[in-house]
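Chemist: Here is a sequence together with a model predicted from it:
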Amino acid sequence: MRNYFIAGNWKMHKTTGEAVELAKALVEDLKDGKNKYMIAPPFTALDAVSKVVKGTNVMLGAQNMSTEEQGAHTGEVSVLMLKDLGVQIVILGHSERRHIYKEDDAMINKKVRLALKHGLEVDLCIGELLEEREAGKAEAVCERQLREGLAGVTAEEMKLVTIAYEPVWAIGTGKTATPDDAETIHYYCRSVLADMYGKEVADSVVIQYGGSMKAENAKALLEKPDIDGGLIGGASLKVETFSPIAKFNS
Ligand code: PEP
């Protein structure tokens with residue numbers, strides 16, 4: 001049985017003070033929530049937010065990390081630094097990293113393996129562009145991103161991996177995949193995972209949906225059999241828009 005996992009990606013929003021304020025309000029509001037929760041503030045607020053979420057049911061996430069453990073990599077943040085701050089999970093392969101910062105599957109895979117080597121959970125984002133969907137390639141793109149992103153990851157390590165299916169055309173656009181369209185891809189991704197790791201592992205992997213998820217559409221998406229949670233951008237920036245999604249089933 002998979003638990004629902006509702007996660008907030010704050011992207012490049014919130015000063016430290018604002019982040020602490022939002023984290024405190026969420027911790028209070030979600031304290032009796034029955035799902036798995038994560039918030040991913042910007043790097044600059046991780047230390048302060050870490051102190052707020054410590055010992056609560058809200059996990060601390062980071063939005064990215066370097067391919068390297070340490071060294072001459074100006075501007076990068078390493079897995080060791082994240083762990084030092086109490087980060088428990090890292091979002092990797094987000095479409096903004098893939099398409100704005102040109103991260104490819106090989107680079108994302110290097111980050112995935114490094115995070116897992118250090119015991120960090122990984123939230124691996126995959127998803128097709130609009131032109132890829134229109135060309136009938138959505139499934140093939142997601143399959144490639146899964147197979148290449150997870151290359152070298154063992155079945156045992158998959159216990160630390162969440163997949164987030166985020167069609168790029170739905171992120172921050174207000175356009176959401178229909179529950180049926182999203183379910184089709186989630187089901188396909190689970191079949192790819194079954195081919196890679198066997199049915200038992202595939203059935204236990206949480207596959208989140210991301211892309212303009214909000215209180216109004218969350219329940220219909222999350223009721224689908226292969227949609228196990230959400231990775232939420234815009235709606236994660238306020239308690240009043242995130243909490244109703246996080247508590248959609250209470
Ligand atoms: C995201 O960035 O992961 C995301 C899903 O954003 P939004 O909810 O704003 O579409």
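Modeler: That came through, no problem.

Chemist: Near the ligand, which residues of the chain? Just list them.
Modeler: Residues of the chain lying near the ligand by Cβ under 6 Å from any ligand atom: 9, 166, 171-172, 210-213, 231-235. Using the backbone N, CA and C atoms, a C-beta is placed for each residue, glycine as well.

Chemist: go with 8 Å
Modeler: Within reach of the ligand by Cβ under 8 Å from any ligand atom, the chain has these residues: 9, 11, 91, 94-96, 125, 164, 166, 170-173, 210-214, 230-236.

Chemist: so where's the chain uncertain?
Modeler: 1 (pLDDT under 70).

Chemist: And the residue of it positioned farthest from its centre, how far from Ser78?
Modeler: For the chain, the residue at maximal distance from the C-alpha centroid (Cα atoms, centre = their mean) is Ala72, at 27.9 Å. To Ser78, Ala72 is 12 Å away according to Cβ to Cβ, to the nearest Å.

Chemist: Now the buried members of the residues of the chain next to the ligand.
Modeler: Among the residues of the chain next to the ligand, those scoring as buried are 9, 11, 91, 94-96, 125, 164, 166, 170-171, 210-214, 230-236 (criterion: 16 or more other Cβ atoms under 10 Å).

Chemist: still on that earlier bit, and the residue farthest from the centre of the chain, how close does it get to the ligand?
Modeler: 30 Å (Cβ to the nearest ligand atom, to the nearest Å).

Chemist: Which of the residues of the chain next to the ligand fall within strands?
Modeler: 9, 91, 125, 164, 230-232 (DSSP state E).

Chemist: Any chance you could list what contacts stretch 93-107?
Modeler: 9, 11, 63-64, 67, 108, 111-112, 124-127, 129, 144-145, 148-149, 166, 168, 171 (Cβ atoms under 8 Å, 6 or more residues apart in numbering).

Chemist: how about a cut-off of 7 Å?
Modeler: 63-64, 67, 108, 124-127, 144-145, 148-149, 166, 168, 171 (Cβ atoms under 7 Å, 6 or more residues apart in numbering).

Chemist: same deal with stretch 197-206?
Modeler: 2, 5, 155, 158, 161-163, 190, 193-194, 228-229.

Chemist: Could you work out the end-to-end span of that stretch for me?
Modeler: 14 Å (Cα to Cα, to the nearest Å).

Chemist: what comes up buried for it?
Modeler: Buried-residue list, stretch 197-206, by 16+ other Cβ under 10 Å: 197, 201-202, 205-206.

Chemist: Would you map the helices across the protein?
Modeler: Remark: helices assigned in the chain by DSSP state H are 16-30, 43-53, 79-84, 95-99, 105-117, 130-134, 138-149, 179-197, 199-204, 215-222, 239-246.

Chemist: With that, I have no additional questions.
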